[in-house]
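>>> Quick one: sequence and predicted model below, then my questions.
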Amino acid sequence: MAPVRTRIAPSPTGNPHVGTAYTALFNVAFARQQGGQFVLRIEDTDRTRYDPDSEGLIFDTLRWLKLDWDEGPDVGGPFGPYRQSERTEIYREVAEQLVQKGAAYRCWCTPQRLERIRQEAMARKEPFQYDQFCLGKTEAERRRLPDCADRPVVRLLMPDEGTTVFTDLIRGEISFENRLIDDQVLLKSDGFPTYHLAAPVDDHLMRISHIIRGEDWISSTPKHIVLYDALGWEFPKLAHMSLLRNVDKSRISKRKNPWANLRWFREQGYLPEALVNFLALMGFSMPDGREVFGIDDIIAVFSFDRLSVTGPGFDLTKLDWLNGHYIRSLSVDQVVDRARPYLIAAGITTTDDVYLRRVLALEQERIHKLAEAPELTRFFFEDVTPDPKLLVAKGLDAARTAELLRAASDAFGAAGENATASELEERFRALAEQQGVTTGQLFGAIRVAITGTTKAPPLFDTAVTLGLERVLRRIDRAIAALEALAPPAATGPAPSSPPPGRG
RNA sequence: GGCGCAUUCGUCUAGCGGCCUAGGACACCGCCCUCUCAAGGCGGAGACCACGGGUUCGAAUCCCGUAUGCGCUACCA
């Protein structure tokens, strides 16, 4: 049996689309499972939409996801070149062959004429199809007639009767009536092929055994089959994946949905393994029901009948959970490595790796996306100016809170530089009792004083990590803030007057 | 409009004629843990399997129709 070879064939027209990774994932999984090869081919035949930066972005993001290819433009391979713009000669030859065999014909109709007959068909409420005006005419004959372009296109001649049937590995049998299918342009007047020539030709020449692609190609499959038949080629096996949708089932658009761009996931701080896992969950399920798994697990059990046919809605909340799960499963050192670029980008540029490591150890289970790391950890690196209103615990006033903080400051001082978190906890529990306040009130005030927030890792672990110097300095600042607070002036709501003092 | 593909809890899904009074995960709610936030544990609510007809002793599972969504209908891919 011929070796299994799959491919992903993106167009370099901007930022890589999430659907590209989605489709690539299953192409890789199946090829690996079968001991075959996975090919990356760049479909750059549309010169008007070509973006020179796009190809590099495609390489980068697919590698980021560890969806590596065995053959491609940058790694070479025995069936290259792998950029369609470098293969135009091949397509022209095949087009010529098809014309010779009578399976295709040249068409000189101008875009204006095509547009006109399209409008006429619409006016008659009939489906538009090319009227085969040029079929059977020589160039000389055609030139005597109106609406004749300088350079012809080549159109595929579709049979006007019969049915084209094919078996989809995911959906079963699908059939189309040939007479309803238009004579597709294969070779454009600029000499470049359309998808409908280039992709089938390359799939054959590159020995692709299984075409796993998006369901948007189902409708054009009969054209490709007719083309293969005309050339006497054997058609690869087919599997059409459902297209990813938004939660409301609408189409994902790059304009409206940032997650259409693969790069967005990296910017947000999603781990590639989490994204791969999430994409796999969109339509694939493990036989044992596991939901957390990697590509190796997919490879172990992959089967086309485990792919669902429904277009899945893209719900980021599950991705967030998965991502948090993966972050928690990392070692602290890995978290440091992964979070560092996001911290640096946000202006947190510590060189104290020991400290950074301790900080991230505390925040690891609180990070859902790496891009959140700077906000979660900033108070470890920069002194805070706590909001006095947050400082004052329930049931206390500013003066009493300041008093508690003074006592806390003394207690930290007495505990010294080397106190452990549990030693501190014991000491401060005693302090709360002695002061006649709850631990919640005391700890809460200290927390806001030293972290600036009510949401932080356990207080004494945080204090130990911050170090005595920072803790004492911040408590002093908090006391000062409380003292600057005007005496409780009967709580005038006064929405137009912000808190006095420090802006 | 024509053609094609689809339709199970809010979301992702399990299910491939009897094991389904439909299972799991995320999200949600409650409780526990607890110095806050997380994380974790336990529990709960949530799907007349789009709707209507068949086939069958028996249907979420097979067939037909309707509705809805999505795709194609370009010298885009």
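That came through fine.
>>> does the residue of chain A positioned farthest from its centre belong to a helix or a strand, and which?
Relative to the C-alpha centroid of chain A, counting by C-alpha atoms, centre = their mean, A:Gln434 is the outermost residue, at 54.8 Å. Element membership of A:Gln434, judged by DSSP states H and E, is helix A:421-435.
>>> how near is the residue farthest from the centre of chain A to A:Ser409?
15 Å (C-beta to C-beta, to the nearest Å). All C-beta atoms are positioned from the backbone trio N, CA, C, and that covers glycine.
>>> where does the stretch 201-350 of chain A come near RNA strand B, residue by residue?
Within reach of RNA strand B by C-beta under 7 Å from any atom of the strand, the stretch 201-350 of chain A has these residues: A:215-220, A:242-243, A:245, A:247, A:249-251, A:281-283, A:285, A:287, A:289, A:291, A:305-306, A:308-313, A:315, A:317-318, A:320-321, A:324-325, A:328.
>>> Please identify the helix or strand for A:Ala463.
helix A:459-466.
>>> what's the following helix or strand past that helix in contact with?
Proceeding N to C from helix A:459-466, the next assigned helix or strand is helix A:468-484, under DSSP H and E. Helix A:468-484 has contacts (C-beta atoms under 8 Å, 6 or more residues apart in numbering) with A:383-386, A:388, A:391-392, A:398-399, A:401-402, A:405-406, A:408-409, A:412-413, A:416-417, A:445-446, A:448-450, A:463, A:466, A:500-502.
>>> coming back round to it: out of the residues of the stretch 201-350 of chain A next to RNA strand B, which sit inside helices?
A:Leu281, A:Thr317, A:Lys318, A:Asp320, A:Trp321, A:Gly324, A:His325, A:Arg328 (DSSP state H).
>>> So which bits of the helix or strand just after the helix holding A:Gln434 are buried?
Sequence-wise, the next helix or strand downstream of helix A:421-435 (DSSP H and E) is helix A:439-451. Residues A:Gln441, A:Leu442, A:Phe443, A:Gly444, A:Ala445, A:Ile446, A:Arg447, A:Val448, A:Ala449, A:Ile450, A:Thr451 are the ones in helix A:439-451 that count as buried (16 or more other C-beta atoms under 10 Å).
>>> With stretch A:317-333 instead?
A:Leu319, A:Asp320, A:Leu322, A:Asn323, A:Gly324, A:Tyr326, A:Ile327, A:Leu330.
>>> would TSV of those with pLDDT be doable?
Listed next are the buried residues of stretch A:317-333 as TSV, based on pLDDT from 0 to 100:
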residue	pLDDT
A:Leu319	97
A:Asp320	97
A:Leu322	97
A:Asn323	98
A:Gly324	97
A:Tyr326	98
A:Ile327	98
A:Leu330	97
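>>> With distance to A:Leu57 as added columns, please give those residues in CSV.
Converted to CSV, the buried residues of stretch A:317-333 look like this (distance: C-beta to C-beta, whole Å):
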residue, distance to A:Leu57
A:Leu319, 21
A:Asp320, 24
A:Leu322, 24
A:Asn323, 22
A:Gly324, 27
A:Tyr326, 24
A:Ile327, 25
A:Leu330, 26
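>>> The lengthiest strand in chain A - what's its average pLDDT?
Secondary structure of chain A per DSSP state E: the longest strand is strand A:148-156. Averaging pLDDT along strand A:148-156 yields 96.
>>> For the stretch 401-503 of chain A, what lies in contact range of RNA strand B?
The interface of the stretch 401-503 of chain A toward RNA strand B, taken as C-beta under 7 Å from any atom of the strand, is made up of A:425, A:439-440, A:443-444, A:447, A:454-461.
>>> Please name the residues that touch the residue positioned nearest the centre of chain A.
The C-alpha lying nearest the average C-alpha coordinate of chain A belongs to A:Leu262 (C-alpha atoms, centre = their mean; 3.5 Å). Applying C-beta under 8 Å, 6+ apart to A:Leu262 gives the contacts A:Asn15, A:Pro16, A:His17, A:Val18, A:Thr20, A:Ala21, A:Thr61.
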